[in-house]
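Engineer: what follows is a predicted protein model with its sequence.
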Protein chains: 2
Amino acid sequence: MESRGISKAVIGRLPRYYRYLGELNEAGVERISSSDLSKKMHVTASQIRQDLNNFGGFGQQGYGYNVKYLRTEIGKILGLDQSHNMVIIGAGNLGQALANYASFARNGFILKGIFDVNPELKGKVIRDIPIRMMDELETVLQEENIDIAALTIPKTKAVEVSDILVRNGIKAIWNFAHTDLNLPKDVIVESVHLSDSLMKLSYNITRYKEEHGED
Amino acid sequence: MESRGISKAVIGRLPRYYRYLGELNEAGVERISSSDLSKKMHVTASQIRQDLNNFGGFGQQGYGYNVKYLRTEIGKILGLDQSHNMVIIGAGNLGQALANYASFARNGFILKGIFDVNPELKGKVIRDIPIRMMDELETVLQEENIDIAALTIPKTKAVEVSDILVRNGIKAIWNFAHTDLNLPKDVIVESVHLSDSLMKLSYNITRYKEEHGED
DNA sequence: TAGATTGTTAATCGATTAACAATC
DNA sequence: TAGATTGTTAATCGATTAACAATC
């Protein structure tokens, strides 16, 4: 599985391919051509073939791609065939929302702990996992071989907590705090900035209103 | 404010500029050069100047950019100086998390309603807004001049609900369902696919492990 | 004025699309 | 075999970076 130097643009499209292939598979579709898939996904067939060929030749001339096989292979590329232990830090609504996503477990993300500073939440159980206080975090990180920490805490606490995580050897942070984390470059950070997303939406509404003179 | 044909890449960076300028402003910084900002944000100064000059000359030679002024102007470009009425559909953890983001209101996003199918949630109040049942949705959409609907419902319901939204003239959908929405092209859709984001994280962990032989 | 820094043009780089020979 | 469709090379397009004249 050749993988060095794949562009972020390509990686960013893989989950979407994986999703569409999953839907096709559930619908009982056995094979699909890049051309048919391109119509479904509103991208070019050329892009699909180029993207996939970064990782190997998954198709067959004259036939197309086997849906189940291609999906499995993309899953492997994304590392979904392996399991990753995960903790959630911040048990507010967002943290609890993440904890409740059943499909995470299906893709190999195993929730090993939920932490918060609020004593009222202590012991509340979500998906069989009791919410713990922050003073237990380091022990869990050290003993449970945690790969991923989801940070669903206010930005004011994010730097402090991410330092604790890094000190305890966390490999990757899924960051929902409204701030960038400047961490050693061997720590992988994937940020979800919800307010950035909403601002893009706002931008598009504003442009639309300008074009249609509703403003 | 010239705006036609600005690339998505540029738009996607504006919220981040806005965020950094906000932090600088709060820290009492009055002016900043593209060079200094580039170091803070880990981008090139050239990119900052190019990005901003899509919208006009906000700086001054020999001086740089006035932080407060530039922030305000980017806010206007993003439409944050206007208010948008919004509803949340799906009052699970994620919907409630969005409802509780205080900063949305600060940026002009005004929550006018929260809807769910679960009768147990009926009447529960979040940020002064009672959760209502779905049968009241159309009335609210028609009477309250709603611009934005945040969709925090399972993907199985997303298509059905988005049809209702479109029928009632919604302008923009902030989509958290794990599916793409194929709607008329005058409806703006901004999707947040959390599972896609987690898969990208997983990809990077996997690559990292391969490189470091932990696999 | 001299120094600093922008706005903007030109050069480079990378990503997307098109085309087609290879091959199932 | 003939038809279909991939894998891959080449062409195009767009985005990023570099350079520098304009100007505060």
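Structural biologist: Arrived safely, thanks for sending.
Engineer: alpha carbons only for contacts and neighbour counts from here, please
Structural biologist: Will do.
Engineer: pull the contacting residues for residue A:167.
Structural biologist: Under the criterion of CA atoms under 8 Å, 6 or more residues apart in numbering or on different chains, residue A:167 has no contact partners.
Engineer: can I get stretch A:184-199 in PDB? Just the C-alpha atoms.
Structural biologist: The C-alpha trace of stretch A:184-199 is given here as PDB (Å, rounded to 0.1, in the frame of the first residue of the first chain):
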ATOM      1  CA  PRO A 184       4.900  19.100  18.500                       C
ATOM      2  CA  LYS A 185       4.600  18.000  14.900                       C
ATOM      3  CA  ASP A 186       4.500  14.300  15.700                       C
ATOM      4  CA  VAL A 187       1.100  14.900  17.400                       C
ATOM      5  CA  ILE A 188      -1.700  14.600  14.800                       C
ATOM      6  CA  VAL A 189      -4.300  17.300  15.100                       C
ATOM      7  CA  GLU A 190      -7.600  17.200  13.200                       C
ATOM      8  CA  SER A 191      -9.700  20.200  14.000                       C
ATOM      9  CA  VAL A 192     -13.400  20.700  13.600                       C
ATOM     10  CA  HIS A 193     -14.100  24.400  13.800                       C
ATOM     11  CA  LEU A 194     -17.900  24.600  13.800                       C
ATOM     12  CA  SER A 195     -17.900  28.400  13.900                       C
ATOM     13  CA  ASP A 196     -15.700  28.500  10.800                       C
ATOM     14  CA  SER A 197     -18.200  26.200   9.100                       C
ATOM     15  CA  LEU A 198     -21.100  28.400  10.000                       C
ATOM     16  CA  MET A 199     -19.300  31.500   8.800                       C
END
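Engineer: give the buried residues for it.
Structural biologist: A:187-193, A:195-199 (16 or more other CA atoms under 10 Å in any protein chain shown).
Engineer: got these as JSON lines, with pLDDT and distance to DNA strand C columns?
Structural biologist: Listed next are the buried residues of stretch A:184-199 as JSON lines, based on pLDDT from 0 to 100; distance: CA to the nearest atom of the strand, whole Å:
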{"residue": "A:187", "pLDDT": "97", "distance to DNA strand C": "21"}
{"residue": "A:188", "pLDDT": "97", "distance to DNA strand C": "19"}
{"residue": "A:189", "pLDDT": "98", "distance to DNA strand C": "19"}
{"residue": "A:190", "pLDDT": "98", "distance to DNA strand C": "18"}
{"residue": "A:191", "pLDDT": "98", "distance to DNA strand C": "20"}
{"residue": "A:192", "pLDDT": "98", "distance to DNA strand C": "20"}
{"residue": "A:193", "pLDDT": "97", "distance to DNA strand C": "21"}
{"residue": "A:195", "pLDDT": "95", "distance to DNA strand C": "24"}
{"residue": "A:196", "pLDDT": "97", "distance to DNA strand C": "21"}
{"residue": "A:197", "pLDDT": "97", "distance to DNA strand C": "19"}
{"residue": "A:198", "pLDDT": "97", "distance to DNA strand C": "22"}
{"residue": "A:199", "pLDDT": "97", "distance to DNA strand C": "22"}
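Engineer: list the ones among the residues you listed that fall in helices.
Structural biologist: A:195-199 (DSSP state H).
Engineer: redo those residues as a markdown table? Include distance to residue A:37.
Structural biologist: As requested, these are arranged in a markdown table below (distance: CA to CA, whole Å):
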| residue | distance to residue A:37 |
| --- | --- |
| A:195 | 32 |
| A:196 | 30 |
| A:197 | 27 |
| A:198 | 29 |
| A:199 | 31 |
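Engineer: of the residues you listed, which are in range of chain B?
Structural biologist: A:195-199 (CA under 8 Å from any CA of the partner chain).
Engineer: now, which of the residues you listed sits nearest residue B:117?
Structural biologist: Nearest to residue B:117 among these: residue A:198, at 24.6 Å, using CA to CA.
Engineer: contacting residues for the closest one?
Structural biologist: B:174, B:190.
Engineer: quick check: buried residues in the helix or strand of chain A with the lowest mean pLDDT?
Structural biologist: Least confident helix or strand, chain A: helix A:102-106 with a mean of 80, by mean pLDDT, DSSP states H and E. For helix A:102-106, burial by neighbour count (16+ other CA under 10 Å) applies to residue A:104.
Engineer: residues touching that helix, excluding its own?
Structural biologist: Helix A:102-106 is contacted from outside by A:110-111, B:195, using CA under 8 Å, 6+ apart.
Engineer: check these against DNA strand D, which are close?
Structural biologist: With CA under 7 Å from any atom of the strand as the criterion, the contacts of helix A:102-106 include none near DNA strand D.
Engineer: which single one of the residues you listed is nearest to residue B:56?
Structural biologist: residue B:195 (37.3 Å).
Engineer: next one: that closest one relative to residue B:106, how far apart?
Structural biologist: To residue B:106, residue B:195 is 28 Å away according to CA to CA, to the nearest Å.
Engineer: for the longest strand anywhere in chain A, packing partners?
Structural biologist: In chain A, with assignment by DSSP state E, the single longest strand is strand A:109-116. When contacts are defined as 3 or more CA pairs under 8 Å, 6 or more residues apart in numbering or on different chains; DSSP states H and E, strand A:109-116 packs onto strand A:84-89, strand A:129-133.
Engineer: can you redo these as CSV with mean neighbour count?
Structural biologist: As requested, the helices and strands packed on strand A:109-116 are exported to CSV (neighbours: other CA atoms under 10 Å in any protein chain shown):
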stretch, mean neighbour count
strand A:84-89, 23
strand A:129-133, 19
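Engineer: out of these, which gets nearest to residue B:67?
Structural biologist: With CA to CA as the yardstick, what comes closest out of those is strand A:84-89 (33.3 Å).
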